[in-house]
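> just to be clear, the model below is a prediction. Sequence and coordinates:
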Amino acid sequence: MGKVFDVIGVENMIMDFAVQINRLPKTDGISRVFDYSWGCGGNAGSAIVALARMGARCGMLGTTGCDRFGDFCKEDMARHGVDVSHILQTQGDTTFCICLAEKETQGRSILGKIGNAPSLTPEQVDGEYIASARAIHVALPFSGATRAAIDLARRQGVLVSADAGGPVDYAMDVVKCSDILIMSESFYGALFQDTGYEKNCRSLLAFGPSVAIVTLGSKGCAGADRDGAFTLESFSNAGYEIADTTGAGDVFHGGFLYAWLERYRKPGWNYTLKDCARFASAVSYINCLTLGGRTGIPTLEMVDTFLKTGMVETSQLEERRSFYKTAMFK
């Protein structure tokens, strides 16, 4: 029996307001605003939108508040063709983040107001829904519902992809429950004290993952699977101006999952692990050309064109930039 979904994300919804400034002001100072954008955020959520934009069949499992932010987040998932039947709107406020992108430094800062809309309970995680996917994609921190979804996935033979985005005191638990483990530099730093990225990623495979990768921002990424290891430079010098790195890691996950599920060792493509990481890096790079964590997520055609020619078709990005600037008020 075929699967209904390629990937289901597990995470509560987050609303973002991205603002591009010249640089963070000092206390009592002022900073110039160049641009702003409304959009949804979240580590798993943005990865799922990246997958959907490239044509993958996706769903989302989690909660959002019964407020305008919650409405918008759910609507935006549906707008991208993501199944929202398992996003439960609960009484309370949706988590809201202000993402500040510095034009001068290309740095990023985030101000967050944690919402009080409750998460799903473990009992509310639908096992049949999880079983209908080829993979689930989860992010930190793990809630009870996240752990329940992982347990159900492993029992059903569904791949578990983990966005290990920051250090937690249960880091090895995250490693052990993952089939595809993609770590931030800070999560990696909680496990290892050296920069032997290839060697250390290879060592994590003994604990369960089939793939272990560490993302290193503008320095690229490194990783390993059971066929070998790789180190890859980023596309940061590909010639386009970086506008905002918000969501860069999130959409890297989405890009990697698409390449892994659709092109890894597949006839006509025969991607290696490094090829999958290069594809994911291209998705991440293109997303960084526009303000906001989701505005610049490319289509499959845009990614393939960039990988072949080094050119980015920016007209679609401008259309989306215009939409997300006013979308909250429509």
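Received, thanks.
> could you list the low-pLDDT ranges of this structure?
The chain contains residues with pLDDT under 70 at 1.
> helices of that one, residue ranges please.
Applying DSSP state H to the chain gives helices spanning 43-53, 68-79, 127-131, 144-156, 171-176, 185-191, 197-204, 248-262, 273-287, 300-309, 315-326.
> which residues are contacting the fourth one?
This points to helix 144-156. Residues outside helix 144-156 that contact it (Cβ atoms under 8 Å, 6 or more residues apart in numbering): 10-11, 61-62, 119-125, 127, 130-131, 133, 136, 138, 142, 158-160, 177. C-beta: built from backbone N, CA, C; applies to glycine.
> tell me which residues in that helix are buried?
The neighbour-count check on helix 144-156 (16 or more other Cβ atoms under 10 Å) flags 145, 146, 147, 148, 149, 150, 151, 152, 153, 154 as buried.
> just the CA atoms of that helix, as PDB, please.
This file holds the C-alpha atoms of helix 144-156, laid out as PDB (Å, rounded to 0.1, in the frame of the first residue of the first chain):
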ATOM      1  CA  GLY A 144       5.300  14.700  25.000                       C
ATOM      2  CA  ALA A 145       3.500  14.700  21.600                       C
ATOM      3  CA  THR A 146       6.800  14.700  19.800                       C
ATOM      4  CA  ARG A 147       8.100  11.700  21.700                       C
ATOM      5  CA  ALA A 148       4.800   9.900  21.000                       C
ATOM      6  CA  ALA A 149       5.000  10.600  17.300                       C
ATOM      7  CA  ILE A 150       8.600   9.300  17.200                       C
ATOM      8  CA  ASP A 151       7.600   6.200  19.100                       C
ATOM      9  CA  LEU A 152       4.700   5.500  16.700                       C
ATOM     10  CA  ALA A 153       7.000   6.200  13.700                       C
ATOM     11  CA  ARG A 154       9.600   3.800  14.800                       C
ATOM     12  CA  ARG A 155       7.100   1.100  15.400                       C
ATOM     13  CA  GLN A 156       5.600   1.600  12.000                       C
END
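> next, the angle helix 43-53 makes with it.
Relative orientation of helix 144-156 and helix 43-53, computed by axes from the mean of the first three to the mean of the last three Cα atoms, to 10 degrees: 50 degrees.
> check the second one too.
Using the same axes, to 10 degrees, the direction of helix 68-79 lies 30 degrees away from that of helix 43-53.
> by contact count, what packs against helix 68-79?
With contacts defined as 3 or more Cβ pairs under 8 Å, 6 or more residues apart in numbering; DSSP states H and E, helix 68-79 has these neighbours: strand 14-21, strand 33-41, helix 43-53, strand 58-65, strand 83-90.
> 7 Å instead, please
strand 14-21, strand 58-65, strand 83-90 (3 or more Cβ pairs under 7 Å, 6 or more residues apart in numbering; DSSP states H and E).
> what angle do strand 58-65 and that helix make with each other?
170 degrees.
> show me the contacts for residue 55.
Residue 55 makes contact with residue 300, according to Cβ atoms under 7 Å, 6 or more residues apart in numbering.
> how about it, phi and psi?
The phi and psi values for residue 55, taken as degrees, to the nearest 10, are phi 110, psi 0.
> for residue 189, give its distance to residue 214.
9 Å (Cβ to Cβ, to the nearest Å).
> looking at these two, which one has more neighbours?
Each of residue 189 and residue 214 has its neighbours counted (other Cβ atoms under 10 Å); residue 214 has more, 26 against 14.
> spatially central residue in the chain, please.
What sits nearest the mean C-alpha location of the chain, by Cα atoms, centre = their mean, is residue 250, with 2.0 Å.
> could you tell me the end-to-end distance of stretch 97-115?
10 Å (Cα to Cα, to the nearest Å).
> which parts of that stretch are buried?
Along stretch 97-115, these residues count as buried under the neighbour rule (16+ other Cβ under 10 Å): 97, 99, 100, 101, 102, 103, 115.
> out of those residues, flag the one nearest to residue 50.
residue 99 (17.0 Å; Cβ to Cβ).
> sounds good, over and out.
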